[in-house]
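J.: sequence first, predicted coordinates after that:
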Amino acid sequence: MVNYLIIDQRKLKMSRLVRWLCRSKKQHYLTNQLLAFSTDNKKPSNTRATPPPIRVSLTESAGRGVFATRRIGAGDLIHTAKPIIAHPSLSSINTVCYYCLRNKLNSTDQNVAFCGPECEQNAKVFYDVEKEAEWVAFHDYCRSNGFKYPLLVKRLACTILSGAAHPEILDILQPASLPHHILLEMEEGFNLLRQGFTKADAGSEKMAFLTKKWYNNVLARIRINAFRIELAPGRYEDLLSSAAACVDAEAAVGNAVYMLPSFYNHDCDPNAHIIWLENADARVKALRDIEPDEELRICYIDASLDHNARQTLLLEGFGFNCNCPRCSSGD
Ligand SMILES: C[S@@+](CC[C@H](N)C(=O)[O-])C[C@H]1O[C@@H](n2cnc3c(N)ncnc32)[C@H](O)[C@@H]1O
């Protein structure tokens, strides 16, 4: 089975495990757990996949980070990762698979739909719960405010209600807090989400995890750890539609949260990047030659912005003052 939403008791143990690991610095073990969690395990059980050439360890000034365990060549694929949760942007909801975000340009279906039976089957972990409730008001709230992350929280909540995920599943990721004005804006989303499940008779016992505190914590983590997915245009038609989307509105097909990719720190002159080809599966690639023990860093923002714009975006969006060599040099 593909590890798209491998959410079970193991994940609950993960968050306790990480607290222990951070104390004991048994980071090789952490890396192995994250790799097992993050990568595609489609391979037959009798063939052992080669582990990616990376480890997760503490950095000097940016928390945990990802380091090369051997030399990696420019252009090499370092590893792939499947999302823990992914959600199409509302503008793409009828044109991409509701599970893997693959473009379904040829489909005539105007409703949410899946690109095939495998995605439909995999989506059961959230869709069986989601389709029982009415989400017009929640989607209107997201659409009118331009919010994308509450959609990921809704999908996660559905997965938890179905019993396929534990409420603590994202606790391993870097925590964050939301500024007061954002907390106020999020309140309506929380109320609409609860209302949706309450009206659908989801059951108060099952919904006990869905507190304002849980909602805000998850949203804050998602805000600094989620990736905006833009698929690489493969065909001429895709190229045209993505060019139109760039001009029109939201170019991203959706957003997703991953496990291992969330441990990559930022650099304004990165040595690695993440790309998406046909769906939400992430591919981490080297941008240049990387030496053993060098930290692998990606760029969270548009690197072509000037120094002040980059610093402001990183502080407001991700909560840190960037101390990468490029920023330190004043560039
Ligand atoms: C997606 S997480 C990266 C992994 C994180 N270091 C951890 O321990 O989970 C993003 C957070 O890492 C830290 N970070 C990433 N890049 C940084 C940088 N260039 N300078 C300082 N802190 C950074 C910030 O705390 C940021 O909010």
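T.: Perfect, thanks for sending it. Numbering: from 1, shown residues only.

J.: got phi/psi on N122?
T.: Backbone torsions of N122, given as degrees, to the nearest 10, read phi -60, psi -30.

J.: just give me the neighbour total for it.
T.: Applying the criterion other CB atoms under 10 Å, we find 17 residues in the vicinity of N122. Quick note: C-beta positions are derived from backbone N, CA and C, even for glycine.

J.: repeat for H307
T.: Using other CB under 10 Å: H307 sits among 14 other residues.

J.: measure it to S328 for me?
T.: Going from H307 to S328 by CB to CB, to the nearest Å gives 10 Å.

J.: what about the chain, any weak spots by pLDDT?
T.: Segments of the chain classed as low confidence (criterion: pLDDT under 70) are 1-48, 105-111, 233-251.

J.: quick one: the strands in it?
T.: Ranges of strands in the chain, per DSSP state E, are 54-58, 64-68, 77-81, 85-88, 227-229, 254-257, 265-266, 272-276, 282-286, 295-298.

J.: now mean neighbour count too, for these, in CSV please.
T.: Formatted as CSV, these follow (neighbours: other CB atoms under 10 Å):
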stretch, mean neighbour count
strand 54-58, 19
strand 64-68, 21
strand 77-81, 19
strand 85-88, 27
strand 227-229, 21
strand 254-257, 26
strand 265-266, 20
strand 272-276, 18
strand 282-286, 20
strand 295-298, 21
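
J.: save those strands as TSV, and put in distance to the ligand too.
T.: As requested, the strands of the chain are arranged in TSV below (distance: least, CB to the nearest ligand atom, whole Å):
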stretch	distance to the ligand
strand 54-58	8
strand 64-68	3
strand 77-81	13
strand 85-88	15
strand 227-229	9
strand 254-257	10
strand 265-266	4
strand 272-276	12
strand 282-286	13
strand 295-298	7
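
J.: ok, which of these comes nearest V129?
T.: Comparison of the strands of the chain against V129 by CB to CB identifies strand 85-88 as nearest, at 13.5 Å.

J.: strand partners (parallel or antiparallel) of the closest one?
T.: strand 254-257 (antiparallel) (DSSP bridges).

J.: only alpha carbons, please: show the partner strand as CSV.
T.: Taking only C-alpha atoms (Å, rounded to 0.1, in the frame of the first residue of the first chain), the coordinates of strand 254-257 have been written out as CSV:
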residue,chain,number,x,y,z
GLY,A,254,-3.1,23.0,-3.9
ASN,A,255,-1.2,22.7,-0.7
ALA,A,256,0.3,19.8,1.3
VAL,A,257,2.1,18.9,4.4
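
J.: for the closest residue to the ligand within the chain, list the residues it contacts.
T.: Among residues of the chain, the one nearest the ligand by CB to the nearest ligand atom turns out to be G63. It sits 2.9 Å away. The neighbourhood of G63, defined by CB atoms under 8 Å, 6 or more residues apart in numbering, consists of 174, 265.

J.: and the gap between it and L313?
T.: The gap separating G63 from L313 is 19 Å, by CB to CB.
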